[in-house]
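K.L.:
missing the sequence, but the structure's below:
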């Protein structure tokens, strides 16, 4: 089957591209994991990156780890739907898997920043749902960064200085949520996804379905 079937309608639909963006520490990675655990029809996009592999990460599962010359080659070959520099490294979304997912009716989740989201929207706008997560306050954002225990004070200060610039792009997104409570925020995201899956434009074969429905009267 080329497209997934919506069980409530018995019709097929196009895949959905779901972007979760936020300042570092506002919860996008945690909520991405929660969303995929709650919905088997959503999988994470695997980006290419020039960032070194961290302990426990697997090539092709967490990221496609490449060096700078290979990343340059992929850019020149037009293999990315989006790419951007982030904290001294580059990240890019391979084009082929994204197009295959849309055709097959699979939903793909993107944990990318506003730069990548702008490029992704320009390339695949009609299939994209953009969700921005805000922290309850800047003080809470800093507390969460410190609580993670993975970054030095210098890195945390850098992330905080970038947070306001990242938040300034909130109006470019379709949905904006304040992540006060992860479970509540997850419920809101799942509501958004459910509604987006049901949009008329994503229902493949709807015209034929309605034609047959009406034609059955004659």
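P.N.:
Alright, I've got the coordinates. Computed from a prediction, not measured in an experiment: that's the story for all the values here.
K.L.:
The most centrally placed residue in the chain in helix, strand or coil?
P.N.:
The chain has residue 110 as the residue nearest its centroid, 2.1 Å off, counting by Cα atoms, centre = their mean. Using DSSP: H, G, I helix; E, B strand; the rest coil, the structure places residue 110 in strand.
K.L.:
List the contacts of it.
P.N.:
17-20, 44-45, 93, 116-117, 120 (Cβ atoms under 8 Å, 6 or more residues apart in numbering). C-betas here are computed from N, CA, C, even on glycine.
K.L.:
and which of the residues you listed is nearest to residue 180?
P.N.:
Nearest to residue 180 among the contacts of residue 110, counting by Cβ to Cβ, is residue 20 at 16.1 Å.
K.L.:
Can you tell me how far the closest residue to that closest one other than its chain neighbours is from residue 35?
P.N.:
Leaving aside its chain neighbours, residue 20 sits nearest to residue 28 (4.5 Å; criterion: Cβ to Cβ, 6 or more residues apart in numbering). Between residue 28 and residue 35 the distance is 10 Å, computed by Cβ to Cβ, to the nearest Å.
K.L.:
who touches both of those two?
P.N.:
With Cβ under 8 Å, 6+ apart as the test, residue 28 and residue 35 both reach residue 20.
K.L.:
between the two, who's got more neighbours?
P.N.:
residue 28 (23 against 20; other Cβ atoms under 10 Å).
K.L.:
Verify the contact between the residue nearest to residue 20 and residue 111 for me.
P.N.:
Yes - assessed by Cβ atoms under 8 Å, residue 28 is found in contact with residue 111 at 5.6 Å.
K.L.:
list the residues that contact both of those two?
P.N.:
residue 20.
K.L.:
And for residue 85, the neighbour number?
P.N.:
11.
K.L.:
if we look at the sheet, which residues does it bridge to?
P.N.:
Counting by DSSP bridges, residue 85 is bridged to residue 90.
K.L.:
Pull the number of nearby residues for residue 50.
P.N.:
19.
K.L.:
what about the strands in the protein?
P.N.:
For the chain, the strands defined by DSSP state E occupy 4-6, 11-13, 17-21, 42-44, 48-49, 64-65, 80-86, 89-94, 107-111, 128-134, 175-178, 203-204.
K.L.:
Mind putting those strands into CSV with mean pLDDT and distance to residue 168?
P.N.:
What follows is those, written out as CSV (pLDDT from 0 to 100; distance: least, Cβ to Cβ, whole Å):
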stretch, mean pLDDT, distance to residue 168
strand 4-6, 54, 36
strand 11-13, 72, 34
strand 17-21, 96, 12
strand 42-44, 93, 26
strand 48-49, 96, 25
strand 64-65, 96, 30
strand 80-86, 90, 16
strand 89-94, 94, 20
strand 107-111, 93, 20
strand 128-134, 96, 11
strand 175-178, 97, 12
strand 203-204, 84, 35
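K.L.:
Sounds good, over and out.
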